[in-house]
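S.K.: got a predicted structure here, sequence first:
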Amino acid sequence: LAVMPEKTSKGFIFVGPPGSGKGTQADILRSHYKGKICHLSTGDMLRAAIAAETELGKQVKPILASGGLVSDDLMVPLVREAILHPSCEDGFILDGFPRTLEQAQRLDKVLNETKGKQIDNVFDFQIEDEQVLGRVLGRLLHKPSGRTYHEIFKPPKTPMTDDVTGEPLIRRSDDNEESLKKRLKGFRTWTVPVIKYYKSQNKLTEIDATLAPQQVADQIFSALAKE
């Protein structure tokens, strides 16, 4: 009797500052794979918890507003639960987590205890702070649909108005210069050890995130093709 191989799912991590294009690339990568691959943006998950006014949301609201770091004891169980959800059956893309070395180590421990789940590739989206500021401070969002626009790169047909519904667009509350500069400073400080950690496991690929989305995607796919 032929033994069926243990089904394993694909695990990716996107490391990069806000505005480095991780969300766009997650959509491109997901559409490339058949099956249930989920994009887990921890920022979006936390913002959803805040909007729903859950217990977690109440705890993290002041932390996010100030650009601070949500504790591992809150983040690790949240991510574990998300990865085990049926929508992530064939793979997951983690975006915004792990943010610290401690989180990376705890994530490995959680995945080791979970059959068929592991991290295969980590992509380091490299971009300078100045470019990030230009990209992020122009971001506009249609909240009900999640559609995003940009004042310079992808403007709506009518200023501050969703192309499809005609409803008003908003800026995310943490997309202001003061909070962003704090987030960037934090990101640069906390993430260096995370990148070293995955480099030492030979899972890291550096990506030039300053290029157009298709050129960034090409770099990701060429790294995956080498395996």
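M.R.: Nice, I can see it.
S.K.: which stretches of this structure form strands?
M.R.: 10-15, 37-41, 91-95, 121-126, 139-142, 147-150, 204-208 (DSSP state E).
S.K.: and those strands as JSON lines, adding distance to Ile220, mean neighbour count and mean pLDDT?
M.R.: Backbone N, C-alpha and C define where each C-beta goes, glycine included. Converted to JSON lines, the strands of the chain look like this (distance: least, CB to CB, whole Å; neighbours: other CB atoms under 10 Å; pLDDT from 0 to 100):
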{"stretch": "strand 10-15", "distance to Ile220": "9", "mean neighbour count": "24", "mean pLDDT": "94"}
{"stretch": "strand 37-41", "distance to Ile220": "14", "mean neighbour count": "20", "mean pLDDT": "91"}
{"stretch": "strand 91-95", "distance to Ile220": "11", "mean neighbour count": "24", "mean pLDDT": "94"}
{"stretch": "strand 121-126", "distance to Ile220": "6", "mean neighbour count": "21", "mean pLDDT": "96"}
{"stretch": "strand 139-142", "distance to Ile220": "22", "mean neighbour count": "19", "mean pLDDT": "92"}
{"stretch": "strand 147-150", "distance to Ile220": "20", "mean neighbour count": "16", "mean pLDDT": "90"}
{"stretch": "strand 204-208", "distance to Ile220": "7", "mean neighbour count": "17", "mean pLDDT": "97"}
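S.K.: Arg30 is nearest to which of those strands?
M.R.: Proximity to Arg30 (CB to CB) singles out strand 37-41 among the strands of the chain, at 4.9 Å.
S.K.: each with direction, which strands does the closest one pair with?
M.R.: Applying DSSP bridges, strand 37-41 is found paired with strand 91-95 (parallel).
S.K.: would you mind writing the CA trace of the strand it pairs with as CSV?
M.R.: Written as CSV, here are the backbone C-alpha positions of strand 91-95 (Å, rounded to 0.1, in the frame of the first residue of the first chain):
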residue,chain,number,x,y,z
GLY,A,91,-0.4,27.9,3.2
PHE,A,92,-0.1,31.2,4.9
ILE,A,93,1.7,34.5,4.3
LEU,A,94,2.6,36.3,7.5
ASP,A,95,2.9,40.1,7.1
